[in-house]
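1. Next one to model:
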Amino acid sequence: MSNATTASPLVLRPSEITPKDRGGGVRTYPLVRSGIGATAFINGITEFDPGCAVPLHYHNCEESVMLLEGEAIATIDGIEQRVEPGDTTFIPAGIHHFFRNTSATAKMRIFWVYGSIDADRTLVATGETRRIDDEHGGR
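-> This next block holds a predicted model:
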């Protein structure tokens, strides 16, 4: 066992975390983040109300997304694909993408991982860029 880090190990429970309201029926539960000592990656869970989506965007680092619950369409680099619970994506840096809840009645939940604590999101429509940690209150 190594003592090379100053961060403490944790068990993070989404049921004990107040989600960050991102507007438009989308909420994020930030989990591993720089504010708790992460130095290499960040992750969390995002929940979408029926019919909701986030705008088309891209990141400055790799991202992986797993559908945990619900029905979804992933649009990645202009290609729409239906995803089912357990399906996992790999999205290289700079690739335009978004996920949409296709259900009219049930929520959708994704688990995401960014390959950098300095991950950011740039909205394609506006060019606005924000750090993921800042967007989710994670630092």
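
2. lowest average confidence, helix or strand, in this structure?
-> helix 132-135 (a mean of 83; mean pLDDT, DSSP states H and E).

3. I'd like to know which elements that one is packed against.
-> Here helix 132-135 touches strand 120-123, going by 3 or more C-beta pairs under 8 Å, 6 or more residues apart in numbering; DSSP states H and E. In this view, the C-beta of every residue, glycine as well, is placed from N, C-alpha and C.

4. Next, the buried residues of the strand it packs on.
-> Under the neighbour-count criterion of 16 or more other C-beta atoms under 10 Å, strand 120-123 has 120, 121, 122 buried.

5. between these, which is closest to residue 51?
-> Comparing the buried residues of strand 120-123 against residue 51 with C-beta to C-beta places residue 121 closest, at 21.3 Å.

6. List the residues that contact the closest one.
-> Contact analysis of residue 121 by C-beta atoms under 8 Å, 6 or more residues apart in numbering lists 57, 58, 59, 129, 130, 132, 135.
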